[in-house]
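A.B. asks: the following block contains a protein sequence and its predicted model.
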Amino acid sequence: MRIGFIGAGKVAQAITKGLIDSGITAAENIIASSPKQDHLLLTQISKLGVGTTFNNKTVVKESDVVVVCTKPNVVSRVLTEFSSDVSKSHLIISVALGVTTKTMEKALPKNTRVVRVMPNTPALVRMSASVYCMGSSVIETDAETVSKLLTSFGYCEEISESLIDIATGLSGSGPAYVFTAIQSLADGAVKMGMPRDQALRLAAYAVMGSAKLVLESGQHPDSLKDDVCSPAGCTIYAMHLLEKRGFRAALIDAVEVATLRTKELGDFKV
Ligand SMILES: NC(=O)C1=CN([C@@H]2O[C@H](COP(=O)(O)OP(=O)(O)OC[C@H]3O[C@@H](n4cnc5c(N)ncnc54)[C@H](O)[C@@H]3O)[C@@H](O)[C@H]2O)C=CC1
Ligand SMILES: O=C(O)[C@@H]1CCC=N1
């Protein structure tokens with residue numbers, strides 16, 4: 001399978017590295033494009049061994065699966081630009097926030113097979129949480145193909161398109177919230193006298209282990225939290241402070257505002 005990327009930025013690079021590291025495809029089966037002014041991004045992605053071009057149409061002509069990784073406001077223009085090169089053998093995937101399968105289908109020839117995906121940057125280390133929804137003209141094997149590709153660089157599940165904007169504000173944006181939490185936890189330890197690199201390492205493992213425990217124990221997160229809070233111990237003091245500072249409400253608000261912004265951007269109000 002030949003895979004083409006339109007756009008060579010952060011997400012294209014993360015997915016490309018994930019795909020290659022998984023061994024699902026070789027670097028020589030991948031090609032990526034960006035406009036001339038962004039040639040540095042092509043230089044970066046070419047270090048993974050993939051082919052590069054300034055021409056989006058070349059990517060489409062040389063690929064079976066085309067992954068559109070541009071900002072949402074240029075997706076329609078980009079699809080229209082290469083529309084004449086799209087055939088029934090192509091599967092067109094977009095990872096752009098807010099851009100619906102209907103918008104994609106409108107810009108492409110009738111019955112084009114399209115899929116909308118929301119991955120996240122831990123794809124770089126093959127730990128992405130991705131969701132996908134299928135367009136109206138996909139064929140039977142497309143869901144399997146998409147699932148296989150997404151699974152190669154992490155976890156994935158199919159989702160109703162009515163929920164994908166929410167997934168964007170949750171798992172698409174989520175790494176940014178968690179990176180900030182890790183950095184801030186480490187800052188706390190540094191403030192108390194721990195060396196920075198050790199603090200970052202311990203904070204990151206604490207987050208990774210907690211996530212694994214939620215997934216593997218099947219226990220409610222509050223029950224797992226209770227297990228950490230010994231009576232009159234240190235954690236319950238910290239939890240009390242976090243509750244007073246609105247920790248839970250801040251996270252709920254973050255997902256809400258990111259979801260609403262996704263819906264706004266999907267309408268191309270930028
Ligand atoms: N950054 C993230 O964590 C995530 C981003 N996304 C989505 O992925 C898409 C890309 O985001 P990033 O990689 O962060 O952006 P980015 O700014 O790093 O990359 C955008 C790429 O698009 C290219 N581009 C711009 N105009 C183009 C054109 N006319 N033809 C071909 N390429 C063109 C740029 O040269 C650049 O390579 C966005 O739509 C975003 O909503 C989805 C999930 C996570
Ligand atoms: O913030 C953004 O626009 C992208 C979409 C999901 C994560 N990052």
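C.D. replies: It's in. Numbers count the residues shown, from 1 in each chain. Ligands and ions are numbered 1, 2, ... in the order given.

A.B. asks: ligand 1 contacts on the stretch 101-250 of the chain?
C.D. replies: Residues of the stretch 101-250 of the chain found near ligand 1, taking C-beta under 6 Å from any ligand atom as the criterion, are Met118, Pro119, Asn120, Thr121, Gly172. (Each C-beta comes from the backbone N, C-alpha and C, glycine too.)

A.B. asks: now for those residues, which pair is the farthest apart?
C.D. replies: With C-beta to C-beta as the measure, no two of these lie farther apart than Met118 and Thr121, at 11.8 Å.

A.B. asks: so which of these two has more stuff around it?
C.D. replies: Met118 (28 against 19; other C-beta atoms under 10 Å).

A.B. asks: over to the more buried one: give its phi and psi.
C.D. replies: phi -120, psi 100 (degrees, to the nearest 10).

A.B. asks: correct me, but it touches Ser171?
C.D. replies: Yes - counting by C-beta atoms under 8 Å, Met118 touches Ser171, with 7.1 Å between them.

A.B. asks: all strands for the stretch 1-150 of the chain, in order.
C.D. replies: Along the stretch 1-150 of the chain, counting by DSSP state E, counting those that start in this stretch, strands occupy 3-6, 30-33, 51-53, 65-68, 91-94, 113-118, 128-134.

A.B. asks: now tell me what touches the second one from outside.
C.D. replies: Counting by C-beta atoms under 8 Å, 6 or more residues apart in numbering, strand 30-33 makes contact with 2-8, 12, 16, 19-20, 42, 45, 48, 50-56, 58-59, 62-63, all of which sit outside it.

A.B. asks: tell me the residues of the protein that contact ligand 2?
C.D. replies: So the chain meets ligand 2 at Leu97, Thr168, Gly172, Ser173 (C-beta under 6 Å from any ligand atom).

A.B. asks: which of these sits closest to ligand 2?
C.D. replies: Proximity of these to ligand 2 (C-beta to the nearest ligand atom) peaks at Gly172, which lies at 3.4 Å.

A.B. asks: could you list every residue that touches that closest one?
C.D. replies: Per C-beta under 8 Å, 6+ apart, neighbours of Gly172: Leu97, Met118, Pro119, Asn120, Ala258.
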